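Colleague: got a structure for you, letters missing:
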């Protein structure tokens, strides 16, 4: 049911709901609660309209709905002290109906600015960011899992959700909000919130078990480019990935020039994002722990080393040739592409304690258990807070790809905005 009696239960519907359905629901509800019937009409993300219909015993056709909208809104605007308006603004700003206590407090407040105080209280509520941040999260295609058949959980994606909620509640300036999400790792590398904000770029679907990890990275870069254009430029650039746009002044060069801004980025599923105080406390605790346990850790590492080497080699052999080659290059010598391949496939060659113990011979397993027991009196510091995030990497060349195929690179391009958006001054400088 869309509604339940004796309470304000709002359910989502859509504009395709047939008039007959609304008609039937209205007649049923008019017999249950004739003075408390609410219908939510959901249009685009920016407009949600709550209306109260009082005694409308007639068929709900589109024209009738529009008439009721006009009448309902007029009543709400003309009587700012009405309880209808209390319900309206509370649901609109925080997504929840007012409590009975809040209804009574509003009704008994004799102050002429009672309505203004109600609005201020709602805007200061933490629920405001939760209510309106959801619209941005929809635009950012927020999800806490990767999608596709495995749909693995993104353990640290929730920090981006909370960042958005905090940004709305703090009334963060929109230009700063954009900068943090698009380039927080470059502009504000020492600010945890700015690093968390860059998760915006990595929220699209991700096939982590792809047999072609190079294409997997291309898919993420394409998603970053497309979503940035959609969210901040209001343009569907995706068509220009494979060819010049057929209906807009957007070329393939424009597409890959915009993507070149993102190309050096490293995709980090768990980048540490501590505050300065958290980092200092962690470093101190870790130094103390290592000082007390170094001898035990060295013995454990020596015991585990041959087994880890064998298991790693077996898992590495299952990766693509490009990923295998990347893992074999020393970290300080890897290119940006190789480093990203390693980051994106680390989970496939990771070794857990269960695998390690299963591979050990019995004497080694028993000795390993004894050493672990000796470590227990020394609790290891809790890991630093981490987030899905971008991390700026070294420069990398970007090419226009014939028909979007990374195996067919053509002209090299530099980072640039779409030509049609560069402005007159840019074109004058280019011509001069």
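Modeller: Arrived safely, thanks for sending. Fair warning: this is a prediction, and the values are worked out from it, not measured in the lab.
Colleague: List the residues that contact residue 422.
Modeller: residue 416 (Cβ atoms under 8 Å, 6 or more residues apart in numbering). Using the backbone N, CA and C atoms, a C-beta is placed for each residue, glycine as well.
Colleague: Tell me how far it lies from residue 153.
Modeller: Distance of residue 422 to residue 153, given as Cβ to Cβ, to the nearest Å: 41 Å.
Colleague: what does residue 403 give?
Modeller: 35 Å.
Colleague: Next, work out how far apart the closest residue to residue 145 other than its chain neighbours and residue 141 are.
Modeller: The shortest distance from residue 145 to any non-neighbouring residue, by Cβ to Cβ, 6 or more residues apart in numbering, is to residue 151 (4.8 Å). Going from residue 151 to residue 141 by Cβ to Cβ gives 15 Å.
Colleague: who has more neighbours, those two?
Modeller: Neighbour count, other Cβ atoms under 10 Å: between residue 151 and residue 141, residue 141 has more, with 15 against 11.
Colleague: Scan this protein for its longest helix.
Modeller: Counting by DSSP state H, the longest helix found in the chain is helix 276-316.
Colleague: Which elements pack onto that helix?
Modeller: The contact analysis (3 or more Cβ pairs under 8 Å, 6 or more residues apart in numbering; DSSP states H and E) places helix 276-316 against helix 336-349, helix 353-359, helix 362-375.
Colleague: which one of these lies closest to residue 389?
Modeller: When the helices and strands packed on helix 276-316 are compared by Cβ to Cβ, helix 336-349 sits nearest residue 389, at 11.6 Å.
Colleague: Run through who's touching that closest one.
Modeller: The contact list for helix 336-349 (Cβ under 8 Å, 6+ apart) reads 208-209, 213-214, 216-217, 263-264, 266-269, 312, 315-316, 318-319, 322-323, 325-327, 329, 331, 334, 393-396.
Colleague: Report the buried residues of that helix.
Modeller: 336-345, 349 (16 or more other Cβ atoms under 10 Å).
Colleague: With stretch 266-277 instead?
Modeller: In stretch 266-277, counting by 16+ other Cβ under 10 Å, buried: 266-269, 271-274.
Colleague: now, which of those sits nearest residue 355?
Modeller: residue 269 (20.3 Å).
Colleague: what residues are up against the nearest residue to that closest one once chain neighbours are set aside?
Modeller: Among residues not flanking residue 269 along the chain, residue 388 sits closest, at 5.8 Å (Cβ to Cβ, 6+ apart). Residue 388 sits next to 154, 156-157, 159-160, 199, 202-203, 268-271 when contact means Cβ under 8 Å, 6+ apart.
Colleague: how does it look with 10 Å?
Modeller: With contacts defined as Cβ atoms under 10 Å, 6 or more residues apart in numbering, residue 388 is in contact with 144, 154-160, 195-196, 198-203, 267-271, 273.
Colleague: And residue 205, by the same measure?
Modeller: 141, 143, 145-148, 151, 219-220, 223.
Colleague: Can you tell me which member of the residues you listed has the lowest pLDDT score?
Modeller: The member of the contacts of residue 205 with the lowest pLDDT is residue 151, at 81.
Colleague: Was I right to think it contacts residue 209?
Modeller: No. With contact defined as Cβ atoms under 10 Å, residue 151 does not reach residue 209; the gap is 11.1 Å.
Colleague: what about burial for the contacts of residue 388, which qualify?
Modeller: If you count burial by 16+ other Cβ under 10 Å, the buried members of the contacts of residue 388 come out as 154, 156-157, 159-160, 195-196, 198-203, 267-269, 271, 273.
Colleague: quick one: the strands in the protein?
Modeller: Under the criterion DSSP state E, strands of the chain are mapped to 38-42, 48-52, 266-272, 386-391, 398-401, 409-413.
Colleague: Where does the prediction get shaky in the protein?
Modeller: Applying pLDDT under 70 to the chain flags residues 1-83, 424-432.
Colleague: got the contact list for the nearest residue to residue 258 once chain neighbours are set aside?
Modeller: Nearest residue to residue 258, sequence neighbours excluded (Cβ to Cβ, 6+ apart): residue 225, at 5.7 Å. Counting by Cβ under 10 Å, 6+ apart, residue 225 touches 201, 237-238, 240-241, 255-256, 258-263.
Colleague: Among those residues, which pair sits farthest apart?
Modeller: Pairwise over the contacts of residue 225, using Cβ to Cβ, the maximum falls at 201 and 240, 18.9 Å.
Colleague: isn't residue 355 right up against residue 311?
Modeller: Yes. Residue 355 lies in contact with residue 311 (Cβ under 10 Å); the separation is 6.0 Å.
Colleague: For the closest residue to residue 244 other than its chain neighbours, give its distance to residue 141.
Modeller: Closest residue to residue 244 apart from its sequence neighbours, by Cβ to Cβ, 6+ apart: residue 251 at 4.7 Å. Counting by Cβ to Cβ, the gap from residue 251 to residue 141 is 26 Å.
Colleague: now swap in residue 255 and tell me
Modeller: In terms of Cβ to Cβ, residue 255 sits 19 Å off from residue 141.
Colleague: go on, residue 181?
Modeller: 13 Å.
Colleague: how close does the residue in the chain sticking out farthest from the centre sit to residue 307?
Modeller: Here the chain reaches farthest from its C-alpha mean at residue 363, the gap being 47.7 Å by Cα atoms, centre = their mean. Plainly put, residue 363 is 13 Å away from residue 307 if you go by Cβ to Cβ.
Colleague: which residue packs closest to residue 123, ignoring adjacent ones?
Modeller: Nearest one to residue 123, counting by Cβ to Cβ, 6+ apart, is residue 93 at 6.6 Å.
Colleague: Pretty sure that neighbour sits against residue 127.
Modeller: Yes. Residue 93 lies in contact with residue 127 (Cβ under 10 Å); the separation is 8.1 Å.
Colleague: residue contacts, residue 387?
Modeller: Applying Cβ under 10 Å, 6+ apart, the residues contacting residue 387 are 155-160, 162-163, 192-193, 195-199, 268-273.
Colleague: I should have written residue 128 there, sorry.
Modeller: Residue 128 touches 93-95, 121-122, 165, 168-169, 171, counting by Cβ under 10 Å, 6+ apart.
Colleague: how does it look with 8 Å?
Modeller: Contacts for residue 128 were tallied using Cβ under 8 Å, 6+ apart; they are 93-94, 122, 168-169.
Colleague: Same question for residue 184.
Modeller: 191, 193-198, 390.
Colleague: Right, I'll leave it there.
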